[in-house]
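Enquirer: show me the folded form of this:
(4 chains)
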Number of protein chains: 2
Amino acid sequence: MSKLGIKDIAAKANVSPATVSRVFSSPHLVSKKTLQKVQKVIDEAGYRPNRMGASLRTRRSGNIVAIIPDITKPVNAGIIRAIEQGAQSQGYSVLLGDTQGLEERERHYADLVGQGQADGILLFGDRIPFDIDPSRPLKEQIPPLVNGNERIDTDEIVQVAVDNVSASQAAIEHLLSLGHRRIAAVTGPDNVPSSNERLQGYTQALAKAGIDFDDKLLVQAEYDVETGMRAANKLLLLKDRPTAVFCFNDDMAIGVMKLLQQQGFNVPADVSVMGFDDIHYAEFVTPSLTTVHQPLEEIGKACINSLIKQLNGQEVEAGRRFLPFTLKIRDSTGPAPK
Amino acid sequence: MSKLGIKDIAAKANVSPATVSRVFSSPHLVSKKTLQKVQKVIDEAGYRPNRMGASLRTRRSGNIVAIIPDITKPVNAGIIRAIEQGAQSQGYSVLLGDTQGLEERERHYADLVGQGQADGILLFGDRIPFDIDPSRPLKEQIPPLVNGNERIDTDEIVQVAVDNVSASQAAIEHLLSLGHRRIAAVTGPDNVPSSNERLQGYTQALAKAGIDFDDKLLVQAEYDVETGMRAANKLLLLKDRPTAVFCFNDDMAIGVMKLLQQQGFNVPADVSVMGFDDIHYAEFVTPSLTTVHQPLEEIGKACINSLIKQLNGQEVEAGRRFLPFTLKIRDSTGPAPK
DNA sequence: CATAACATGTAAATCGTTTTCATCACGTTT
DNA sequence: AAACGTGATGAAAACGATTTACATGTTATG
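Expert: Numbers count the residues shown, from 1 in each chain, chains lettered A, B, ... in the order given. Sure, this is the predicted structure:
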């Protein structure tokens, strides 16, 4: 690897370092002739300006850090794609941080901003990775930040997601419309806001339909396939079994279906199963999964756009912003058995 | 956000910047008393050293960039986890770059090293993202780099993967042992080395079993579910249909199964389906997918370890290194129908 | 022709660290 | 008492870019 600096290039091209710098950042200030001359030297030498030097001076890194609990979950696929694309188009690079849900690692990545390695944060979590003094305005204590998909309990930052309560309600209404009356719910961990909101939608929808709430039909799992299976197992042990199971994400729904099938049940003839997220695989499992579609690419796009606005010094209004969900009715839900 | 520098801290603590620096990087050179005094000021001010300044001086960023075609594919999950963990434990941070398979974006991320934002590259692709002069030794022209999972046609760099030829051979032998004689293959794009290697294993295994190669049983797809479905469709149109389909990755296998089921075929009673990779969902689709298990975490671990060795200036021997695969026999393969 | 206006280029300061080298205080050895 | 280590600290020079303020050269204007 070569290690030429701006001074070397300047020397080779018989100009000053400042001129070389201008060739990159404000070419309109350089005459056509020198521009070409310098450009030629740059190309020949394969010179790339050292970002460290530049960032040090400009106090901008051109990087955005995205803090994501589990990068490899398909639910994040669309978001990541949208983020990268939006960032790229505005001249930013994305540093993807996978936290495995650990606060320590969330803070580690958030720290990149403090260290000057990133200019802003795209967060997909339910807590702010900074120590906050509640008596002072939040905005003074955190860098430019947008939260997506999950929910943080403050209206001082920009948050983009679907309305989990309504979405969950719509899901239950779908099951009700198929004649189901005993509808179980497989929830996420009880400290996760999105799970609580979906639970809220569930209870509201049942209440509206005049159905008594039965907490035996509520099983907690951890947003993954394995615990989804375990949850289904618990439900099968009930003496009065549910005819439908609403899972708060698709992974758990896949687990529930798997276990039901293993135990000889037919989905949806015996039990209907519904998911949430609409991950790519939802369409391809057997039977294909009825689920709540989240506009993940749109969410990603909205997040990155809002963040870049903030970085450009534009004012953006804080608070939650809801994007519309849709129901994907597929083959895992059907009429309630009589 | 505060913006205190090392000089501010030094002033507050009545020491020189050098001492503050030493507190971070070589505390043993500082007396206990000053250490405590400085540490206290650092904590109170919430001071974090600016990485740009430090990197500029040390010419090391402490970052590793991982270049991955599609971060969100489950096949990469284990690799990413292992990388992050290995890096973290050695004091490195990982910048994850998702390229969507585009060479332009591969080069973009590779450029981070040239720009001083990263010290080395973990590549998961089939080409080197640099312009190479073939007449000169490769090592002089690229930064520390390890390639994983795919294959680049050179023995001058470290590469870690499973032996695709043998693995594919083992897969076919499994199908042969079940009595299958007409075994189709759904390949990846024809410019992808791993696909070609798996194809090689396929033909070799058939040859060894004395079965004539029939190119009608070869269908090309693109390593994803949708094209897997299309491939299955083509196979169903054959007048002499295969009794087993070996797909060169799990996504395509899931697609193949989906289409077969849609068309009323039973897997595995009518047709056996086999995959490759052993992604997490392979176990949970219905029927659960028989596949070739790649030790993805091990691959990730080996890659990061080798790279860090290189970064530490240790000599590592170039060339391919194979990690052992295993067969996961599940429910999607069964005896050939007579 | 003198002067203003503009285009172009330069020198030097600066960003926040690390690190070499020199200095200093102090106890030990001769 | 002189010489010598030793350990702790500070001063200052990098690292590689950007940018401000200024110097030059060129052209247009009165």
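
Enquirer: the helices in chain A, which residues?
Expert: Assigned by DSSP state H, the helices in chain A fall at A:6-13, A:17-25, A:32-45, A:51-58, A:77-89, A:103-114, A:164-177, A:193-208, A:225-237, A:250-262, A:296-311.

Enquirer: B:V20: which of those is closest?
Expert: B:V20 lies closest to helix A:103-114 among the helices of chain A, at 16.1 Å (CB to CB). C-betas here are computed from N, CA, C, even on glycine.

Enquirer: how about that closest one and DNA strand C, touching?
Expert: No. Helix A:103-114 lies apart from DNA strand C when judged by CB under 7 Å from any atom of the strand; the minimum separation is 9.3 Å.

Enquirer: I'd like to know which elements that helix is packed against.
Expert: Where contact means 3 or more CB pairs under 8 Å, 6 or more residues apart in numbering or on different chains; DSSP states H and E, helix A:103-114 is packed against strand A:63-68, strand A:93-98, strand A:120-123.

Enquirer: I'd like those strands laid out as JSON lines, including mean pLDDT.
Expert: What follows is the helices and strands packed on helix A:103-114, written out as JSON lines (pLDDT from 0 to 100):
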{"stretch": "strand A:63-68", "mean pLDDT": "95"}
{"stretch": "strand A:93-98", "mean pLDDT": "89"}
{"stretch": "strand A:120-123", "mean pLDDT": "98"}
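
Enquirer: other residues contacting stretch A:254-268?
Expert: By CB atoms under 8 Å, 6 or more residues apart in numbering or on different chains, the surrounding residues in contact with stretch A:254-268 are A:186, A:221, A:224-233, A:236, A:245, A:247, A:270-271, A:273, A:275, A:281-282, A:285, A:287, A:289, A:331-334, B:281, B:284, B:286, B:288.

Enquirer: apply 7 Å and report the result again.
Expert: Residues outside stretch A:254-268 that contact it (CB atoms under 7 Å, 6 or more residues apart in numbering or on different chains): A:186, A:225-229, A:231-233, A:236, A:245, A:247, A:271, A:273, A:285, A:287, A:331-334, B:284, B:286.

Enquirer: whichever of those residues end up buried, select them in PyMOL.
Expert: Only the buried entries of the contacts of stretch A:254-268 go into this PyMOL selection, using 16 or more other CB atoms under 10 Å in any protein chain shown:
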select buried, (chain A and resi 186+225+226+227+228+229+231+232+233+245+247+271+273+285+287+332+333+334) or (chain B and resi 284+286)
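
Enquirer: out of the helices and strands packed on helix A:103-114, which gets nearest to DNA strand C?
Expert: Nearest to DNA strand C, of all the helices and strands packed on helix A:103-114, is strand A:63-68, at 16.1 Å by CB to the nearest atom of the strand.

Enquirer: strands paired with the closest one, and their directions?
Expert: Using DSSP bridges, the strands paired with strand A:63-68 in its sheet are strand A:93-98 (parallel), strand A:120-123 (parallel).

Enquirer: any weak-confidence spans in chain A?
Expert: Residues of chain A that meet the criterion pLDDT under 70 lie in A:1-2.

Enquirer: so who does A:I304 touch?
Expert: A:82-83, A:86-87, A:122.

Enquirer: please redo it, this time with the cut-off set to 10 Å
Expert: A:I304 sits next to A:64, A:66, A:79, A:82-90, A:92, A:94, A:120, A:122, A:146, A:148, A:160 when contact means CB atoms under 10 Å, 6 or more residues apart in numbering or on different chains.

Enquirer: can you redo the helices and strands packed on helix A:103-114 as TSV with mean neighbour count and distance to B:E297?
Expert: As requested, the helices and strands packed on helix A:103-114 are exported to TSV (neighbours: other CB atoms under 10 Å in any protein chain shown; distance: least, CB to CB, whole Å):
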stretch	mean neighbour count	distance to B:E297
strand A:63-68	26	19
strand A:93-98	24	14
strand A:120-123	26	27
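
Enquirer: among the ones you listed, which is nearest A:R48?
Expert: strand A:93-98 (13.6 Å).

Enquirer: and the angle from that closest one to helix A:296-311?
Expert: Angular relation of strand A:93-98 and helix A:296-311 on a 0 to 180 degree scale: 120 degrees, by axes from the mean of the first three to the mean of the last three CA atoms, to 10 degrees.

Enquirer: got the CA coordinates for strand A:93-98 in PDB?
Expert: Provided in PDB are the C-alpha atoms of strand A:93-98 (Å, rounded to 0.1, in the frame of the first residue of the first chain):
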ATOM      1  CA  SER A  93     -21.000   6.100   5.200                       C
ATOM      2  CA  VAL A  94     -22.800   3.800   7.600                       C
ATOM      3  CA  LEU A  95     -21.100   2.000  10.400                       C
ATOM      4  CA  LEU A  96     -23.300  -0.900  11.400                       C
ATOM      5  CA  GLY A  97     -23.200  -1.900  15.000                       C
ATOM      6  CA  ASP A  98     -24.600  -5.200  16.200                       C
END
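
Enquirer: dump the residue contacts of the closest residue to A:Y92 other than its chain neighbours.
Expert: With CB to CB, 6 or more residues apart in numbering or on different chains as the criterion, A:Y92 has its nearest non-adjacent residue at 5.1 Å, and that residue is A:I64. Counting by CB under 10 Å, 6+ apart, A:I64 makes contact with A:83-84, A:86-87, A:90, A:92-96, A:112-113, A:118-122, A:144, A:146, A:303-304, A:307-308, A:311.

Enquirer: now A:I64: how far from B:H28?
Expert: When CB to CB, to the nearest Å is the yardstick, A:I64 and B:H28 sit 37 Å from each other.

Enquirer: which positions in the stretch 101-250 of chain A make contact with chain B?
Expert: The stretch 101-250 of chain A has residues A:105, A:108-109, A:111-118, A:130-131, A:140-144, A:224-226, A:228-229 near chain B, with proximity defined as CB under 10 Å from any CB of the partner chain.

Enquirer: let's see that with 6 Å instead.
Expert: A:114-117, A:143, A:225 (CB under 6 Å from any CB of the partner chain).

Enquirer: just the buried ones from these?
Expert: Those of those that meet the buried threshold are A:114-117, A:143, A:225, by 16+ other CB under 10 Å.

Enquirer: B:A13: which of the residues you listed is nearest?
Expert: When these are compared for distance to B:A13 (CB to CB), A:G114 wins out at 19.4 Å.

Enquirer: picking up where we left off before, nearest to A:S55, of the helices and strands packed on helix A:103-114?
Expert: Using CB to CB, those put strand A:63-68 closest to A:S55, at 8.8 Å.

Enquirer: now do the closest residue to DNA strand D within the stretch 51-200 of chain A against A:G86, distance only.
Expert: Relative to DNA strand D, the nearest point of the stretch 51-200 of chain A is A:G53 (3.0 Å; CB to the nearest atom of the strand). Relative to A:G86, A:G53 is positioned 27 Å away (CB to CB).

Enquirer: count of neighbours near the closest residue to the residue of the stretch 51-200 of chain A closest to DNA strand D other than its chain neighbours?
Expert: Nearest in space to A:G53, with sequence neighbours left out and distances taken as CB to CB, 6+ apart, is B:L56 at 5.9 Å. Neighbour count of B:L56, defined by other CB atoms under 10 Å in any protein chain shown: 19.

Enquirer: my read: B:L56 touches A:M52, true?
Expert: Yes. With contact defined as CB atoms under 6 Å, B:L56 counts as touching A:M52 (4.5 Å).

Enquirer: for DNA strand C, see how far away A:A10 is.
Expert: 7 Å (CB to the nearest atom of the strand, to the nearest Å).

Enquirer: count the residues that sit near the residue nearest to that residue when sequence neighbours are not counted.
Expert: Excluding the flanking residues, the one nearest A:A10 by CB to CB, 6+ apart is A:P17, at 4.5 Å. For A:P17, the count of nearby residues is 14 (other CB under 10 Å).

Enquirer: now do the contacts for A:P17.
Expert: A:6-7, A:10 (CB atoms under 6 Å, 6 or more residues apart in numbering or on different chains).

Enquirer: report the buried members of those.
Expert: Using 16+ other CB under 10 Å, the buried members of those are A:6, A:10.

Enquirer: near DNA strand D too, which of the contacts of A:P17?
Expert: Filtering the contacts of A:P17 for proximity to DNA strand D by CB under 7 Å from any atom of the strand leaves A:6-7.
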